[in-house]
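**Q** Kindly return the folded structure for what I paste below:
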Amino acid sequence: MTLPPVSESDRATVAAQLGRPPRAVRAVAARCPSGHPSVVQTSPRLEDGTPFPTLYYLTCPRLTSLVSRLEASGLMREMTERLGTDPDLAAKYEAAHRGYLAQRDAIEPLGTEVSAGGMPGRVKCLHVHVAHALAVGPGVNPFGDEALELLAQDWPAGDCA
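**A** Residues are numbered from 1 along each chain as shown. As a prediction, the model looks like this:
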């Protein structure tokens, strides 16, 4: 998946969303219905060469807040438990992990099997999974898709800029 480079306008919007200058941003990977960035794709290394394995980063403040509420509810623990009892889910999550690594390694290999969000053995950061699902579309990251379904009543809805 090749995305166009991030514009200066988008970079300024992301900085305002995050409350700090964005690091290693390559492109906007998904946008909210109002048009502003919701997910950015980052370089596998920060500007100083430090590895940064998180390829997709959630930036929309409204969506980030909603995902934080899901995390606080204990959902990630329940999701992780399901990995141990549902082989089909575990296989889909493993495939999401492999796909994530392949996309990141196509940009720059880091020489590590660490992807993001606890993949493939647990669910550690739901923000990463939602960002991944928005960037690559439905059917790839089962937990990102599930979280987005749970948030469908609240997002996308209205202007979340």
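
**Q** remind me, longest helix of this structure?
**A** Longest helix of the chain, by residue count under DSSP state H: helix 87-107.

**Q** Which positions in that one come out as buried?
**A** Using 16 or more other CB atoms under 10 Å as the test for burial, helix 87-107 gives 89-90, 92-93, 96-97, 99-101, 103-104. C-betas here are computed from N, CA, C, even on glycine.

**Q** elements contacting whichever helix or strand comes after that helix?
**A** Next along the chain after helix 87-107, taking DSSP states H and E as the criterion, comes helix 126-136. Contacts defined by 3 or more CB pairs under 8 Å, 6 or more residues apart in numbering; DSSP states H and E place helix 126-136 against strand 25-31, strand 37-42, strand 56-58, helix 61-72, helix 87-107, helix 142-150.

**Q** Measure how far the longest helix of the chain is from the centre of its chain, please.
**A** Between the centre of helix 87-107 and the centre of its chain there are 13 Å (CA atoms, centre = their mean, to the nearest Å).

**Q** Next: stretch 145-161.
**A** 14 Å.

**Q** Give the buried residues for it.
**A** Taking 16+ other CB under 10 Å as the criterion, stretch 145-161 shows 145-148, 150-151, 155-156, 160 as buried.

**Q** biggest separation within the residues you listed, which pair?
**A** Glu146 and Cys160 (20.4 Å; CB to CB).

**Q** which ones are touching the residue nearest to the spatial centre of the chain?
**A** With the centre of the chain defined as its mean C-alpha position, the nearest residue by CA atoms, centre = their mean is Ala131, 2.3 Å away. Going by CB atoms under 8 Å, 6 or more residues apart in numbering, Ala131 touches 29-30, 39, 56-58, 144.

**Q** gap between it and Thr64?
**A** 9 Å (CB to CB, to the nearest Å).

**Q** what sits in contact with each of those two?
**A** Contacts common to Ala131 and Thr64, judged by CB under 8 Å, 6+ apart, are Leu58.

**Q** helix or strand for Arg77, which one?
**A** Counting by DSSP H and E, Arg77 is found in helix 75-83.

**Q** mean confidence score for that helix?
**A** Averaging pLDDT along helix 75-83 gives 97.
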